[in-house]
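[1] kindly generate the corresponding structure for this input.
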Amino acid sequence: MNRSTALLLLGSILSVSLSGCLVVANSSTTHGASGQFVGKETLSQIQAGKTTREWVLAVLGEPAEVTEAGDGTEILRYRYVQTKHENFAVFVILAANNKQETTQDLFIEVKDGVVQKYWQKLESTG
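    Sure thing, here's the model as predicted:
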């Protein structure tokens, strides 16, 4: 290859890469979860005034947090966090990083060993 052909080839490669036509892409997605997921079927089995604290602990396990609310009432809190992390990069032109997190909090109010009520709180970020 003579010098003028080599310079022409090098110039062509540089002009293509600098114009954005040369694209090298990389992407990845990771998923993660922590805590106790409580599905609709399980929630439908909890009945105010009937379901016992012992049943809740046997089915759901230990809560993430227990709050004493006075007069013998306590709030059991179960938390489930699901995370999706996406990375995407295009050579020199663009890079993106996206993290989505969904948090499900289940609160169960128990008095004298019996469930009084329960409620959920859902939050999404990202």
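
[2] just list whatever residues bridge to residue 67.
    residue 75 (DSSP bridges).

[3] give me the secondary structure label for residue 97.
    strand (DSSP: H, G, I helix; E, B strand; the rest coil).

[4] to clarify, my last question referred to residue 57.
    Secondary structure of residue 57, per three-state DSSP, is helix.

[5] and residue 54, by the same measure?
    Per three-state DSSP, residue 54 ends up helix.

[6] give me the distance between the nearest residue to it once chain neighbours are set aside and residue 78.
    Spatial nearest neighbour of residue 54, excluding adjacent residues (CB to CB, 6 or more residues apart in numbering): residue 113 at 7.3 Å. Just so you know, the C-beta spots here come from the backbone N, C-alpha and C atoms, and that holds for glycine as well. Per CB to CB, to the nearest Å, residue 113 is found 18 Å from residue 78.

[7] for the residue nearest the centre of the chain, what are its contacts?
    Computing the C-alpha centroid of the chain and ranking residues by CA atoms, centre = their mean puts residue 83 first, at 2.1 Å. Applying CB atoms under 8 Å, 6 or more residues apart in numbering to residue 83 gives the contacts 31-33, 99-101.

[8] next one: it from residue 34, what distance?
    For residue 83 relative to residue 34 (CB to CB), the value is 8 Å.

[9] and the strands in this structure?
    25-35, 65-70, 73-90, 94-111, 114-125 (DSSP state E).

[10] for residue 47, which of those strands is the nearest?
    With CB to CB as the measure, strand 114-125 is the member of those nearest residue 47 (7.2 Å).

[11] what residues of the closest one count as buried?
    114-115, 118 (16 or more other CB atoms under 10 Å).

[12] quick one, that strand and strand 94-111 angle?
    Counting by axes from the mean of the first three to the mean of the last three CA atoms, to 10 degrees, strand 114-125 lies at 170 degrees to strand 94-111.

[13] tell me which helix or strand in this protein has the weakest average pLDDT.
    The helix or strand of the chain with the lowest confidence, counting by mean pLDDT, DSSP states H and E, is helix 3-18 at a mean of 57.
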